[in-house]
Structure formats: structure tokens, C-alpha cells
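A.B. asks: Pasting the sequence and the predicted coordinates here, then a few questions.
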Amino acid sequence: MGDHYTGLIDRYREWLPIADDTRIISLCEGNTPLVRLNNIPRDLGRDVDIYVKYEGLNPTGSFKDRGMTVAVTAAVADGSQAIICASTGNTSAAAAAYAARAGVTAFVLIPDGKIALGKLAQAMMHGAVVMQIEGNFDTGMQLVKEVAEEAPVTIVNSINPFRLQGQKTAAFEIIDALGRAPDYHCLPVGNAGNISAYWMGYSEYHARGVVDQRPKMCGYQASGAAPFLRGHPIEHPETVATAIRIGNPQSWDKAVAAQGDSGGWFDEFSDQQILETQKRLAQREGIFCEPASAISVAGAIKDITSGKIPEGSAVVCTLTGHGLKDPDTAISQCQETVSKVPAELDAVKRAIHQRLG
Ligand code: F0G
């Protein structure tokens, strides 16, 4: 037998509520790289190890695949013929792909006009029934909860407990890779499922004695969509980071517990800070993540610079989704890098000399 990786349920089955004889719906998700940043820590002049968990390298380009393999496997095992979710884009892409793999129907509700193009393309290409609603994610979430009470569909948003079960495996992978838990874990917070799932994963390894410490959980939100900073839901969330344009997070209590019990914190960043960090990661480290994901690194940089995260720490930032998900936002930030050049040797040489001096 070779060592062909077959997905996170096979890898971590003893930690997951999936029976041995269950038909697994998998696209070989998980097992994503933990990349140590080189240039940004040097730029900061601080002795801190920053790792990024590059979840954009999952099969549909985001961490949602971890939850979706478990949720769809459980739904199909339960006899479900259809799944449904509200989504800012990534959940719908993952639901569509895993439904296709399973041979069931995916219904997805997305906010009209406020979803990154790549994510819409994915949901359409995988054959989901796409409903663009005149409302935001929170409205869609409410509709999904109501319709699932009356129609034969299984909700695969993170209120489905199988989702967080799958997502907790990212914490296992980080510990398995580092041989220890990080001191700090930084990540974006939208609907607040992922911070809750990581805390569950870290806590389970800790409870079984795999590690003797757990990280402080640091959750970051966009200023225009920061209910945890305001202390209450936001009615009209707005941010360029459309993935986390959420005002009424479903896992509120779990996220507050993760932050509080771990001794971590919540903080917020402007759209401009988010986009600057996305570009910095792309241009200083060669890593392309979507805007929402970059907020984790924005948070780490701020807190390392201020000393809130002390020297000598090991920090992990989750890069939740791939930059290719949202080409429009990327292109609109980098216009100056493209110039029209005549198709002539001299012109190309001139352009090179202009840049290199
Ligand atoms: N980053 C990305 C790229 C996301 O797509 C999401 C959530 C988050 C962070 C926040 O994670 O909700 O667990 O706190 N996207 C959901 C979706 C809401 O519909 O794709 P969270």
C-alpha cells in the first residue's frame, strides 16, 4: 500500500462522529501546508515565528471543505437527498462541490451582488441551485432555518454540528505539524464557526494529553462588520471582505467562550488595512489569500508590533480562502503593475531597464 492521502475523515476518524462503515464523501480536503513566514517577521524586526495555515489550498479553495466533508457525509448517511445553506460565497462553493460528489442537490442562498466572482462561478459550475436574495447573509441564514423546518433539506451551515467537527481537524494538523500548540492563533471571524471549531480541536488534543497547552484565540473582524467589538449584532454589515460581511453570527456564545477561556481577544481592522495586508502577504511572501483571510495576519502584525504578542512566541494565522476567489478586488488594487508595451524587443528592454535601473 502506498500512502495516498484520502481526506480528513480517514485521517482523523477516531476523533470524528463518523462510523467505520459509513460511505465517505471526500475530495481529499485538509492536509494543508503550514507555511513559516520569512520576510514579514524580518520587516517587523521582532523575534516571533509566524506560520500561516494555508486553507486556500483545500479542494474548493477554502477551509469550508473540512466542515463540508463531514456534514455531507453525515447528511447522505442519514438518507438526505438535498442540502441547503446561506453563504457569503465559500460555503456555497463547498456545498455545491460536495453535493456533486455525493449525487445530491445543493440549494444555496447568496447575497445579491455581494459575492466574489470565483465563488459564484464555483456554485454555478458544480450545479447548485443558486438563489440570489435581495438581502445579506444574515437574512439568508434566517430564511434557511425557516425553510428547513418545512422542506426535505439538510442545513449545512455551521449551525450543523458536523461542520465544526470537520473544521476542528485544522487544529489537529497544526499540532501534528509543530509538535506543540502555538502560543497564539489568529483568525478572521464572521459567522464565528471557525474560531469555535479551532478551540474545540485544540481543547480535545489538550484533554487527551497530546499537548500540555492551548493557544490564546485572537479573532479579527472588519470594522464595518464587527458585532463582537460592538457587543451586539449589526443590522447592516459592510466590508470589502465580503466573506465576513456578517452582522449576526450564529456561533456567538461559542466564539465568546473560545476567546474568553483561552485568554485571547477580538479586534477590528478597516477595509484599507485588510487590503494592504493582503497585498503585503502576496508581495513579500508569495502567498495569495482572499481579503477576509488577510485580516488574521493584519491582527498578528499589529499585536506583535505593539508587544501584546511577546517576542519568542509561536503564532499561527489561518488563511481561510484563496486569493483567486476574488479576482476583481485583487485587480482593482494592482492597476499600476500592468502597462501597455509595444510588441518590440526595444520596448520590452526599455521596460526592464526602467524597473531595474
Ligand atoms: N474567511 C473566509 C474566507 C470565509 O469564507 C469565512 C466565512 C470566514 C473567514 C469566517 O469564518 O464564519 O466561521 O467565522 N464564510 C462563510 C460563507 C460565512 O458563507 O462562506 P466563520
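C.D. replies: Happy to help now that I have it. If you're wondering where the values come from, they're calculated on a predicted model, not measured in any experiment. Residues are numbered from 1 along each chain as shown.
A.B. asks: Run through the residues of the stretch 201-350 of the chain sitting next to the ligand.
C.D. replies: If contact is defined as C-beta under 6 Å from any ligand atom, the residues of the stretch 201-350 of the chain in contact with the ligand are 243-244, 290, 292-293, 320-321. For glycine as for every other residue, the C-beta is placed from the backbone atoms N, C-alpha and C.
A.B. asks: Phi, psi for residue 218 please.
C.D. replies: Main-chain dihedrals, residue 218, degrees, to the nearest 10: phi -120, psi 110.
A.B. asks: Could you report the neighbour count for the nearest residue to residue 17 once chain neighbours are set aside?
C.D. replies: Using C-beta to C-beta, 6 or more residues apart in numbering and skipping the chain neighbours, the partner closest in space to residue 17 is residue 165 (6.1 Å). Neighbours of residue 165 under the rule other C-beta atoms under 10 Å: 23.
A.B. asks: and what of the one 10 residues further on?
C.D. replies: Around residue 175 there are 20 other residues, counting by other C-beta under 10 Å.
A.B. asks: From the rest of the structure, what touches the one helix or strand residue 174 maps to?
C.D. replies: Counting by DSSP states H and E, the element that carries residue 174 is helix 169-178. Outside helix 169-178, the residues that touch it by C-beta atoms under 8 Å, 6 or more residues apart in numbering are 8, 11-12, 15-16, 30-32, 34, 51, 53, 55, 63, 66, 181-182, 185, 197-202, 205, 210-211, 314, 316, 318.
A.B. asks: can you tell me the average pLDDT over it?
C.D. replies: What helix 169-178 shows for mean pLDDT is 99.
A.B. asks: Next up, the contacts around the nearest residue to residue 249 once chain neighbours are set aside.
C.D. replies: Counting by C-beta to C-beta, 6+ apart, residue 249 lies nearest to residue 192, which is 3.8 Å off, once chain neighbours are set aside. Shown in contact with residue 192 (C-beta under 8 Å, 6+ apart): 219, 228, 249-252, 254-255.
A.B. asks: Closest to the centroid, which residue in this protein?
C.D. replies: The chain has residue 320 as the residue nearest its centroid, 2.4 Å off, counting by C-alpha atoms, centre = their mean.
A.B. asks: Number of residues surrounding the closest residue to that residue other than its chain neighbours?
C.D. replies: With sequence-adjacent residues excluded and distances taken as C-beta to C-beta, 6+ apart, residue 320 is closest to residue 293, at 4.5 Å. For residue 293, the neighbour count with other C-beta under 10 Å is 33.
A.B. asks: what sits against residue 293?
C.D. replies: By C-beta under 8 Å, 6+ apart, the contact list for residue 293 reads 55-56, 188, 243, 278, 318-321.
A.B. asks: which stretches of this structure have low pLDDT?
C.D. replies: For the chain, the stretches flagged by pLDDT under 70 are 1.
A.B. asks: can you give me the strands for it?
C.D. replies: In the chain, the strands defined using DSSP state E lie at 34-36, 49-54, 82-86, 105-111, 129-133, 154-155, 184-188, 216-222, 265-269, 314-319.
A.B. asks: Pairing partners for the shortest one, with directions?
C.D. replies: In the sheet containing strand 154-155, the strands it pairs with under DSSP bridges are strand 82-86 (parallel).
A.B. asks: got it, and the first one?
C.D. replies: Sheet pairing here is set by DSSP bridges, and for strand 34-36 it gives strand 49-54 (antiparallel).
A.B. asks: just the angle between the partner strand and helix 169-178, please?
C.D. replies: Interaxial angle of strand 49-54 relative to helix 169-178 (axes from the mean of the first three to the mean of the last three C-alpha atoms, to 10 degrees): 130 degrees.
A.B. asks: What lies in contact with strand 49-54?
C.D. replies: For strand 49-54, contacts defined as C-beta under 8 Å, 6+ apart pick out 32-37, 40-41, 170, 173-174, 178, 182, 281, 287, 289, 296-297, 300, 304, 313-319.
A.B. asks: Contact residues of the stretch 1-150 of the chain facing the ligand?
C.D. replies: Counting by C-beta under 6 Å from any ligand atom, the stretch 1-150 of the chain comes close to the ligand at 62, 64, 87-91.
A.B. asks: ok, now with 5 Å
C.D. replies: Neighbours of the ligand within the stretch 1-150 of the chain, by C-beta under 5 Å from any ligand atom: 87-88, 90-91.
A.B. asks: Please name the residues that touch residue 223.
C.D. replies: For residue 223, the contacting residues are 229, 239, 268-271, by C-beta under 8 Å, 6+ apart.
A.B. asks: now swap in residue 333 and tell me
C.D. replies: Residues in contact with residue 333 (C-beta under 8 Å, 6+ apart) are 275, 278-279.
A.B. asks: Which one (most neighbours) among those residues?
C.D. replies: Of all the contacts of residue 333, residue 278 has the most neighbours under the rule other C-beta under 10 Å, reaching 29 neighbours.
A.B. asks: so who does that one touch?
C.D. replies: 289-291, 293-294, 323, 330, 333.
A.B. asks: let's see it at 6 Å
C.D. replies: Residue 278 is in contact with 291, 294, counting by C-beta atoms under 6 Å, 6 or more residues apart in numbering.
A.B. asks: and the gap between it and the ligand?
C.D. replies: According to C-beta to the nearest ligand atom, to the nearest Å, residue 278 stands 11 Å off from the ligand.
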